[in-house]
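In: pasting the structure only:
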């Protein structure tokens, strides 16, 4: 195998969406560490804390008022997706029940049937409406669990990704023969 083929293979992530959408944007980032770390944090916060269907609208509104890597944030919102929705939301129901000291009487099969309108909604407003009419008791349980999971996940995601990106920037600064602080200042100017 030639060096050129090896380079092409290392850039071709089409077979692995995790590498393509999570690892590669991180590795090739030309942003200051805080910018990418905020993207991870807001992506996890929205992914774990906002119902599917409303996530992109919330991400867009958040981006209007705060600076962060929206590409990375978008990728991390996909912790909640059509495949993970039922197990995640059922876990939220059970966790919320425990937090309220109430029994979780609904089975996973019953919960799946209840969530069908949310899964089958084709448009943003239909999805949000289907979610909102699930009932106050279920929404309270969901909300408590979502907050309990989303905030720690976002904080942990921020600190972990900031540390990773800080190391990346330190190595890059060394290669360029400048200080880490100088590199970050340059990257901030480019934002």
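Out: That came through, no problem. All values derive from a computational prediction rather than experimental measurement.
In: And residue 31, how far from residue 82?
Out: Taking C-beta to C-beta, to the nearest Å as the measure, residue 31 falls 30 Å from residue 82. Just so you know, the C-beta spots here come from the backbone N, C-alpha and C atoms, and that holds for glycine as well.
In: before we move on, what about residue 151?
Out: Applying C-beta to C-beta to residue 151 and residue 82 gives a distance of 24 Å.
In: Between these two, which is the more surrounded one?
Out: In this view residue 151 and residue 82 are compared by other C-beta atoms under 10 Å, and residue 151 has more residues nearby, 15 against 10.
In: contacting residues around the more buried one?
Out: By C-beta atoms under 8 Å, 6 or more residues apart in numbering, residue 151 lies in contact with 45, 49.
In: What are the boundaries of the strands in the protein?
Out: Counting by DSSP state E, the chain has no strands to list.
In: Would you map the helices across it?
Out: With DSSP state H as the criterion, the chain has helices at 3-11, 17-18, 24-27, 33-49, 55-65, 70-77, 85-100, 108-120, 124-132, 136-176, 180-190.
In: For the ones you listed, give me TSV that also has mean pLDDT.
Out: Listed next are the helices of the chain as TSV, based on pLDDT from 0 to 100:
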stretch	mean pLDDT
helix 3-11	45
helix 17-18	71
helix 24-27	75
helix 33-49	96
helix 55-65	92
helix 70-77	92
helix 85-100	95
helix 108-120	88
helix 124-132	80
helix 136-176	95
helix 180-190	93
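In: No further queries at this time; thank you.
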